[in-house]
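Peer 1: quick one, structure for this:
(2 chains)
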Amino acid sequence: MNRCPENDKILLFCEHELSDVERSQFELHLKTCAECRRELEQTVADDALLRAGIDEAFARHRVSNRIMAQIRNEKTATPVADSHKGWRYFWLTAFALLTIITVVSLYTPTPAKYHGRVGAVMLQALNEKSMLQSEKLAVDQVCDLATVEPAKLDGCFLFTVTSGQTSVFKMSGQAIARINQGLPEFTDAKATFELVSGAIITILVNGSPLKLERKTIIPAPFNTSDLAPDRPDLPSAHLPSVASTSCASDAIIDCMSETPCIIDNSAANASAATPAVEAVPGSATWVDPTQPPGKNPFADEPLKLDGN
Amino acid sequence: MNRQERTDVEVVQAVLAGELEQFAELVERYEKLVFSFLLTRLNDLQEVEDIVQETFVKAFRHLASFDCERRFAAWLLTIARNLLIDSRRKAGRSIASTNLVNEVMLTDSVREAASQPAEVVVRRERFRNIVAMIQELPEELRTPFLMRVINELPYQEIAEVLEVPLQTVKNRIFKAREILREKRESL
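Peer 2: Below you'll find the model as predicted:
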């Protein structure tokens, strides 16, 4: 059956979706088109019939009185606060706070207290000739000893140990370093060790505890220029083998010697059988904990790389 | 729907403040909406009554959790829909059924005109067909269509209650009418 071309406007007309002009035109059309008029009347009539039928059913099946009666008879006559809502707000609040803290922590520059994480032993090449695992490191390149141990070191390195307190010491020479109970341990060492700043620390060198107490100010009995890494061919045959960081003498750990390491008085007096870090209150060389990562911790205090 | 002097939120707040009888105003406003929402989805008018009652009682019990940013009617229909699903799941019955609803409606809805019994029969049959066609509509079309025709809600209010865009409501109602017209022509 061919429909009137205006037939599609019937539904729009019913829904008042025609513009004023369209509506007027369609009303004119209705006067002349019986088909559209019949269709419109049927649509309107069906709507009315449906509405009347459901209205009638609704009138017969209303339950408003039952609803209110039940509400009045509820054991608790007041609406109970939804416990889920409380929990929802709790979790939403917790999530919001966590998000804020995360964002703030991400965008707030955190003062670097040391080179690396707590409990880490970080080593840093102090000159361009420093070698790790027989490969040259870039100057000031920092790495976590835990990631490279056993680290075969040759040259001049700065160690930053954070174990409660921060200790920074320099190693010049050759040694194999690893971490033992959170502290660096050196074996096959032919090197000098000197505390540069921070807390007193006792490290194991060739199996013996070596207490690094204070910054070394006495020149080593040989050229340990950091620009020229300490040579392994130390004149140990005729020089005393020392292992000290005291101001009285410097130390050399001569692993080639069969004799036990000679430790100076202060080192020898170290009673710590196990490596330990001790605080040095008021130390003038205390590492500034706010130094940014990667920065040489001696930046504020010119480092005398030659040990002087 | 008549304009209310007080908003739904104001009534809700009054109820929460202890004026329990004020809840009757919300029942008055939306009972028909919930009833018609359920009517074409259930084949048992007693079940319709029960779920309508349960919907409002549940709403009352959890009134404190009502999000005042939402439309109260939308919240009610959500409760009704969930109760309907629970009811169907427990009973293991299909949601759409026609016969009983039609029969009840026929006895309930179409007034008999003793002087014109033939017309009554025609109207009954017509009413039966209309309800059957509406029940065959997809729910996304049926609900806005019923809200428009039965509850005579404006498009904007339907959009807010169903939480869909205004144009979507218009499109769905128009689509529902098109389908109903095609079905009517095929009878």
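
Peer 1: helices or strands up against the helix or strand harbouring B:Val169?
Peer 2: Taking DSSP states H and E as the criterion, B:Val169 maps to helix B:166-186. The contact analysis (3 or more Cβ pairs under 8 Å, 6 or more residues apart in numbering or on different chains; DSSP states H and E) places helix B:166-186 against helix A:9-14, helix A:34-60, helix B:117-135, helix B:139-149, helix B:155-162. (Each C-beta comes from the backbone N, C-alpha and C, glycine too.)

Peer 1: got the buried residues for the fourth one?
Peer 2: For helix B:139-149, burial by neighbour count (16 or more other Cβ atoms under 10 Å in any protein chain shown) applies to B:Leu141, B:Arg142, B:Thr143, B:Pro144, B:Phe145, B:Leu146, B:Met147, B:Arg148, B:Val149.

Peer 1: show residues contacting it.
Peer 2: With contact meaning Cβ atoms under 8 Å, 6 or more residues apart in numbering or on different chains, helix B:139-149 is reached by A:15, A:47, A:50-51, B:33, B:36-37, B:40, B:77, B:134-135, B:137, B:153, B:155, B:158, B:161-162, B:169, B:172-173, B:175-177, B:179.

Peer 1: and the residues you listed, which are buried?
Peer 2: A:47, A:50-51, B:33, B:36-37, B:40, B:77, B:134-135, B:137, B:153, B:155, B:158, B:161-162, B:169, B:172-173, B:175-177, B:179.

Peer 1: in this structure A:Val63 contacts B:Val52, no?
Peer 2: Yes - the pair A:Val63 / B:Val52 is scored as a contact, 5.3 Å apart, by Cβ atoms under 8 Å.

Peer 1: quick one: common contacting residues for these two?
Peer 2: Common contacts of A:Val63 and B:Val52 (Cβ under 8 Å, 6+ apart): B:Glu31.

Peer 1: of the buried residues of helix B:139-149, which is the nearest to A:Gln25?
Peer 2: B:Arg148 (24.3 Å; Cβ to Cβ).

Peer 1: okay, now the closest residue to A:Glu17 other than its chain neighbours: neighbour count?
Peer 2: Of all residues not flanking A:Glu17 in the chain, B:Lys170 sits nearest, at 7.1 Å (Cβ to Cβ, 6 or more residues apart in numbering or on different chains). Per other Cβ atoms under 10 Å in any protein chain shown, the neighbour tally for B:Lys170 reads 18.

Peer 1: next, format the buried residues of helix B:139-149 as CSV and append distance to B:Gly18 and pLDDT.
Peer 2: Output for these, formatted as CSV (distance: Cβ to Cβ, whole Å; pLDDT from 0 to 100):
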residue, distance to B:Gly18, pLDDT
B:Leu141, 42, 93
B:Arg142, 39, 91
B:Thr143, 34, 91
B:Pro144, 36, 92
B:Phe145, 39, 93
B:Leu146, 35, 91
B:Met147, 32, 91
B:Arg148, 37, 91
B:Val149, 38, 90
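
Peer 1: quick one, what contacts B:Leu84?
Peer 2: Here B:Leu84 is in contact with B:Leu38, B:Arg41, B:Leu42, B:Ile51, B:Ile95 (Cβ under 8 Å, 6+ apart).

Peer 1: going by neighbour count, which of those residues comes out on top?
Peer 2: Counting neighbours by other Cβ under 10 Å, the top entry in these is B:Ile51, with 26 neighbours.

Peer 1: okay then, goodbye and thanks.
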